[in-house]
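In: Structure for the following, please:
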Amino acid sequence: MLGLVPSASLFGIDGHAVTVEVHISSGLPSFTVVGSPDASCREARDRVRAALLSSGCEWPLQRVTVNLAPPTVRKVGPGLDLAIAVAMLVASGQITQQAVGDRSFLGELGLDGAVRPVAGTLCLTDALGTGALVLPVPSAVEAGLVGDRILHPVRNLAEVVACLEGADPWPVPSPIEVAPPPPPTDDLADVRGQPVARFALEVAAAGGHHLLLLGPPGAGKTMLAARLPGVLPPLSDGEALQTTRVHSAAGLALPTGGLIRIPPFRAPHHGASAVALVGGGTALLRPGEISAAHNGVLFLDELAEFPPRVLDALRQPLEEGAVRVARAVASVSLPARFLLVAAMNPCPCGYGSRPGGCRCTDSARARYARRLSGPLLDRFDLRVEVTRPSVEDLLGHQPGESSASVARRVAEVRDLAVRRGVRSNSELPARRLDEVAPLSHDATRLLTDVLRSGRLSARGLHRVRRVARTIADLSGAPHEIGAAHVATALGLRVDPALDQPAPVELAG
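Out: Sure, this is the predicted structure:
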């Protein structure tokens, strides 16, 4: 006999519809899975067998063949367990094919028959048809984000069998809990002093410009970066859904309401591998940290401690807003449009910016500098030196400007960018800069001098003009970009001479 049950499998951040076909025939007892399954799919035999027996069902002592169609799509993960179990019940005659109807089934089976959630439920639900969907109870909120779908959340296989036999009605999802207010974020008012770094942070948030903070330990680099999400505007409906899809596919925790509304903040350790950062690594081709930071912030603390190969893997995603992970079996494109913020010390000992404070040899500083390639540094629109705050700033009682005040200005600049047809000024194409960021005569002369000196590349020129556009928007300047805006943009783009010896303080 033959049983057919619809389901879905995850690949990257996309779900693919799968038809689970189970055929039972006479012959020596065996269980074979075909249709491009991975190891976790082939292991379904033991999970399904134990779950069926634990639920009071029979395990057929015959030749069982499971086909996962279409065979051109690789099937990954245990999410097909429930569909295989139901198709086996149909094929063995314990339930009828008519009882299944147009329902789809998603879920991993425990040995006791429990139906467990799987990663990527949002993506998998989107790939299935309009019929009813049977899935684990914890996944109902996530699946409900897709739209008007009939959902049947179940707890175990015995409950599924009872509903298919008509003994019990199909369960309906519980009302969605009202999401609690998000926890308060760190406030910029906590940062004492640091006027230049604070302004650079505001420019980065308003224009979506990548930021590098360079300074000694204890200067407040990490403290500043951690407060960046608090000044960014909330995600739009489209951005929230796309970010939630990525987090769902990566198996990351979602908020109570299911939808991610606050820009994500990801801060991987400097020991992370290239696969952990970019994605891939398994047949599933899971999203990496840069995709998890999509529409949010990727913070790389101790930037120079990351392996150079890992850092150079960021160059293409920074330009294109996506990463294409290619493997021998398949390739996938993952979204990766994020705001990169990095922090690093000026030298290995950390005190290269203090006169007489550096203890590093010239060779050690040269090795430290070689960890950052020129093309990667060129992709930072803002490169700011952060010094330690003064005693008066630290012990003073005057708090800095709050995140709420800065966030209002950031939102206004972002609205201007939307009217120009982009999400932020950093996404303005070079061909439109003469239109949306025209230069005054003095600004043109200033940039001409900088270009002739060789301190700025063609890509750097476009980035400086975009930053100048953001600075002009923050100051409420008219359409034209003035020399002051360009000078400020250049001033926020210092060249970190990491391989140069620190200045020596002469005594007496």
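In: Could you verify that V486 is part of a helix?
Out: Yes. Counting by DSSP: H, G, I helix; E, B strand; the rest coil, V486 is located in a helix.
In: how far away is it from Q316?
Out: Remark: distance between V486 and Q316 (C-beta to C-beta, to the nearest Å) = 28 Å. Yep, even glycine has a C-beta here, placed from its N, CA and C like the rest.
In: Out of these two, name the residue with the larger neighbour count.
Out: Counted by other C-beta atoms under 10 Å, V486 and Q316 do not tie: V486 has more neighbours, with 26 against 13.
In: what residues are up against that one?
Out: Listed by C-beta atoms under 8 Å, 6 or more residues apart in numbering, the contact set of V486 reads 439, 443, 446-447, 464-465, 468.
In: Tabulate those residues (JSON lines), appending distance to T65 and secondary structure.
Out: Shown next, in JSON lines, are the contacts of V486 (distance: C-beta to C-beta, whole Å; DSSP: H, G, I helix; E, B strand; the rest coil):
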{"residue": "L439", "distance to T65": "70", "secondary structure": "strand"}
{"residue": "A443", "distance to T65": "72", "secondary structure": "helix"}
{"residue": "L446", "distance to T65": "74", "secondary structure": "helix"}
{"residue": "L447", "distance to T65": "70", "secondary structure": "helix"}
{"residue": "V464", "distance to T65": "64", "secondary structure": "helix"}
{"residue": "R465", "distance to T65": "63", "secondary structure": "helix"}
{"residue": "A468", "distance to T65": "66", "secondary structure": "helix"}
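In: Which one of those residues is nearest to G147?
Out: R465 (41.8 Å; C-beta to C-beta).
In: how many neighbours does the closest one have?
Out: 24.
In: N67 reaches G35, doesn't it?
Out: Yes. N67 lies in contact with G35 (C-beta atoms under 8 Å); the separation is 5.0 Å.
In: list the residues that contact both of those two?
Out: Joint contacts of N67 and G35 (C-beta under 8 Å, 6+ apart) do not exist.
In: pretty sure S30 is in contact with V64, am I right?
Out: Yes. Using C-beta under 8 Å, S30 is in contact with V64, at 6.7 Å.
In: Which strand or helix spans H23?
Out: Here H23 is covered by strand 14-25, with elements defined by DSSP states H and E.
In: Just the buried residues of that strand, please?
Out: 14-24 (16 or more other C-beta atoms under 10 Å).
In: Quick one, grab the pLDDT at the nearest residue to E43 once chain neighbours are set aside.
Out: Closest residue to E43 apart from its sequence neighbours, by C-beta to C-beta, 6 or more residues apart in numbering: P78 at 7.6 Å. Confidence at P78, expressed as pLDDT, is 89.
In: Phi first, then psi, for P78.
Out: phi -90, psi 10 (degrees, to the nearest 10).
In: now R324
Out: The phi and psi values for R324, taken as degrees, to the nearest 10, are phi -100, psi 110.
In: Correct me if wrong: it contacts P335.
Out: No. With contact defined as C-beta under 8 Å, R324 does not reach P335; the gap is 11.1 Å.
In: For the chain, which residue occupies the most central location?
Out: Of all residues in the chain, the one closest to the mean position by C-alpha atoms, centre = their mean is A292, 1.5 Å from it.
In: Just name the shakiest helix or strand of the chain by mean pLDDT.
Out: Least confident helix or strand of the chain, by mean pLDDT, DSSP states H and E, is helix 391-395 with a mean of 75.
In: got any ranges where this structure has weak pLDDT?
Out: Residue ranges of the chain with pLDDT under 70: 176-184, 282-283, 328-329, 352-357, 397, 496-508.
In: And it, split by domain according to the record?
Out: For the chain, the structural domains run 2-164, 188-422, going by automatic domain parsing.
In: Relative to D473, which of those is closest?
Out: domain 188-422 (4.5 Å).
In: What's the end-to-end length of the closest one?
Out: 27 Å (C-alpha to C-alpha, to the nearest Å).
In: Give me the phi and psi angles of the residue nearest to R155 when sequence neighbours are not counted.
Out: Among residues not flanking R155 along the chain, V137 sits closest, at 5.7 Å (C-beta to C-beta, 6+ apart). Note on V137: its backbone torsions stand at phi -60, psi -40 [degrees, to the nearest 10].
In: What about V137, how many residues nearby?
Out: Quick note: V137 (other C-beta under 10 Å) scores 19 neighbours.
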